[in-house]
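Peer 1: Sequence first, predicted coordinates after that:
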Amino acid sequence: MRRLTAEHVELHWAVAWGSIIDVAKDLLKHSAKFRNVTFGAAFCQMDPDLIEALVGMSNAQGACRFPKGAYHPQVYLLQVRRRSSSHCREGASRCTVFQDLFAFSRSCRKYGVPLTADFATAYHGGG
């Protein structure tokens, strides 16, 4: 994933949660490539330090406004110019259907809120 993140010009991620691990650190180095990056931010599963690192990044969202159920995707889309590739984890069967996956990534923004300093403070339990 580190190599793919470095090689591609656009990153479209929709993931259930994140933490400050090497993959996330590499992702943050390439934040200018974010197009639609949405992390689940409900149920306090996401690392508060990652939320703080994402504060102010316009194309990063915290998904906490979904109407029912749980926000739990694991979709990592990467694009180079007109070519695309995806990385789907744990046996996802639709990894080659790029149109649907990019549409899904874009649609995840409706569940998200901007990751602001106030949001990060509240997520840490300070507000």
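Peer 2: Cool, got the structure. Numbering: from 1, shown residues only.
Peer 1: what mean pLDDT does the longest helix along the chain have?
Peer 2: Of all the elements of type helix in the chain, the one with the most residues (DSSP state H) is helix 98-107. Averaging pLDDT along helix 98-107 gives 80.
Peer 1: ditto for stretch 74-89
Peer 2: 68.
Peer 1: for stretch 3-16, same thing?
Peer 2: 85.
Peer 1: Buried ones in it, by neighbour count?
Peer 2: 5, 8, 10, 11, 12, 13, 14, 15, 16 (16 or more other C-beta atoms under 10 Å). For glycine as for every other residue, the C-beta is placed from the backbone atoms N, C-alpha and C.
Peer 1: Helix, strand, or coil at the first one?
Peer 2: The three-state label for residue 5, taken from DSSP: H, G, I helix; E, B strand; the rest coil, comes out as helix.
Peer 1: right, and it touches residue 28 too?
Peer 2: No - with contact defined as C-beta atoms under 8 Å, residue 5 does not count as touching residue 28 (10.0 Å).
Peer 1: Tell me where this protein has strands.
Peer 2: 10-15, 34-40, 60-63, 74-80, 83-88, 112-114 (DSSP state E).
Peer 1: Name the stretch among these that sits most buried.
Peer 2: strand 60-63 (a mean of 24; mean count of other C-beta atoms under 10 Å).
Peer 1: contacting residues around it?
Peer 2: Residues external to strand 60-63 that are found in contact with it (C-beta atoms under 8 Å, 6 or more residues apart in numbering): 31, 34, 36-42, 46, 51, 54, 71, 108-109, 111-115, 119, 123.
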